[in-house]
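>>> sequence and predicted structure, then a few things I'm wondering about:
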Amino acid sequence: MTEFTPDALELLMNHSWPGNVRELRTAIEHAGRLCRGEKISARDLPAAVRGGAAAASADPQRMLARNDLTVKEAEKQLIIRALKETKGSRTRAAKKIGVSRRTLHRKLHTYGLEEF
């Protein structure tokens, strides 16, 4: 199961992710263990993520246009968001999401985001 329901996606996109990629990874692993259905839902996410819905800082309307989001797509959106917030600084974006600049560069290539 690598898909999310719209309510789970909204929570993921609206959470501030103070722990960056490590926190995201832990939250998704947690949800995967608790998930009983075909898609990860809001009830499967950790309480800290479920409680962060009021702090909307992403563009959930655009993301919710789809009914599901894979883990890879969520990672891609997190990278895009970090690059936008750092005005394209790859070094600061990498630090913000908790990966090395080299890892960020590799992921930009993987996701076809070299233009950032």
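Arrived safely.

>>> could you look up the next helix or strand downstream of the helix or strand bottoming out on mean pLDDT in the chain?
Least confident helix or strand, the chain: helix 60-63 with a mean of 48, by mean pLDDT, DSSP states H and E. Using DSSP states H and E, the helix or strand that follows helix 60-63 in sequence is helix 71-85.

>>> elements contacting that following helix?
Applying 3 or more Cβ pairs under 8 Å, 6 or more residues apart in numbering; DSSP states H and E, one finds that helix 71-85 contacts helix 6-14, helix 20-34, helix 90-97, helix 101-110. All C-beta spots, glycine's among them, are computed from the backbone N, C-alpha and C.

>>> chain neighbours aside, what residue packs nearest to Ser89?
Leu83 (7.8 Å; Cβ to Cβ, 6 or more residues apart in numbering).

>>> check Glu85 too.
Lys96 (6.9 Å).

>>> for the one you found, the count of nearby residues, please.
Counted by other Cβ atoms under 10 Å, the residues lying close to Lys96 total 20.

>>> Leu11 versus that one, what's the distance?
20 Å (Cβ to Cβ, to the nearest Å).
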